[in-house]
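Participant: compute the structure for the input listed below.
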Amino acid sequence: MALITFLIIGAVISGANEDWEAQKRIDSSSGGPGKSSQVLPAAQNAASPDSTHGKTRKFSSPKDLHALMDQDGRPFSFARLAKKAVLVNFIFTSCPMKCPTQTQALIAIQRALPPALKLRVEFVSVTVDPDRDSASTLKQYATSMGADLSGWSFVTGAGPELNWLYNYYSVGVNSIKGGLYDHQMGAYLLDAHGRVMQRYTGEIDKPRLLREIGEVATLDK
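Facilitator: Numbers count the residues shown, from 1 in each chain. Below you'll find the predicted structure:
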């Protein structure tokens, strides 16, 4: 396969009419009134406070994070997902509507993946409420939702690294009344090198997302 140079990151809005292809340049158009293309900010200079030593720690990518854990309490690393397409989203388990709705939509995507493709895809849901979303709480949430945990990690961890991750993906987490959180409801499709290929907002377009996961998962095959 010819060398593919990815020049821009497009935001894909549900209902967009443009076809998306993995080619030398990956673009997407806005899909509705008032919605425009977005480019995720570069995070090379993003810093996170080190709660242990009171210093500033810099990360160049999510692969550098090492204080995260999955729903089984095991260390979680984005680096171990190399060579897979990854779909990342952000949730909290006490969310009354939007988070479970998006989780269910992604579960439907996971279940619809052909067996061979499913082995090349990983789902990652990161909590925005680490104080309450312990590993066991996340596992209970994932199990009750019906997620297949053989290919899905529900992630919590140290506040500083999570805050860096929220900033990296422009999640915009804010606490609101009632112990709830306001945050961007986006899902991010990463290629085998951890590069963000697409961002999805709004209602998940199942046929389109399935097609694009397949295209990204086979880029480096």
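
Participant: drop to CA atoms for contacts and neighbour counts, all remaining ones
Facilitator: Will do.

Participant: the strands in this structure, which residues?
Facilitator: Along the chain, the stretches classed as strands by DSSP state E are 10-13, 47-49, 56-58, 68-69, 75-76, 85-91, 121-127, 152-157, 174-176, 180-182, 186-190, 196-201.

Participant: quickly run through the sheet partners of the fifth one, with directions.
Facilitator: Applying DSSP bridges, strand 75-76 is found paired with strand 68-69 (antiparallel).

Participant: what does the strand it pairs with contact?
Facilitator: Counting contacts by C-alpha atoms under 8 Å, 6 or more residues apart in numbering, the residues outside strand 68-69 that touch it are Pro75, Phe76, Ser77, Ala135, Val155, Thr156, Gly157, Ala158, Glu161, Leu162.

Participant: out of those, which two sit at the greatest distance?
Facilitator: Put simply, by C-alpha to C-alpha the two of the contacts of strand 68-69 set farthest apart are Ala135 and Glu161, 16.0 Å from each other.

Participant: more crowded one of those two?
Facilitator: Glu161 (25 against 20; other C-alpha atoms under 10 Å).

Participant: ok, the more buried one to Asp131 distance?
Facilitator: To Asp131, Glu161 is 14 Å away according to C-alpha to C-alpha, to the nearest Å.

Participant: likewise Tyr141?
Facilitator: If you measure Tyr141 against Asp131 using C-alpha to C-alpha, the figure is 15 Å.

Participant: the two - which one has more neighbours?
Facilitator: More neighbours surround Tyr141 than the other of Tyr141 and Asp131, with 19 against 11 (other C-alpha under 10 Å).

Participant: what's near enough to touch the more buried one?
Facilitator: By C-alpha under 8 Å, 6+ apart, the contact list for Tyr141 reads Thr93.

Participant: check it and give its pLDDT.
Facilitator: Residue-level confidence at Tyr141 comes out at 96, pLDDT.

Participant: mind listing what's buried in stretch 104-119?
Facilitator: Leu106, Ile107, Ile109, Gln110, Leu113, Lys118 (16 or more other C-alpha atoms under 10 Å).

Participant: burial count for Met97?
Facilitator: Should you count by other C-alpha under 10 Å, Met97 turns out to have 8 residues around it.

Participant: same check, this time on Leu219
Facilitator: Around Leu219 sit 17 other residues, with neighbours defined as other C-alpha under 10 Å.

Participant: tell me how far it lies from Arg208.
Facilitator: In this view, Leu219 and Arg208 are 17 Å apart by C-alpha to C-alpha.
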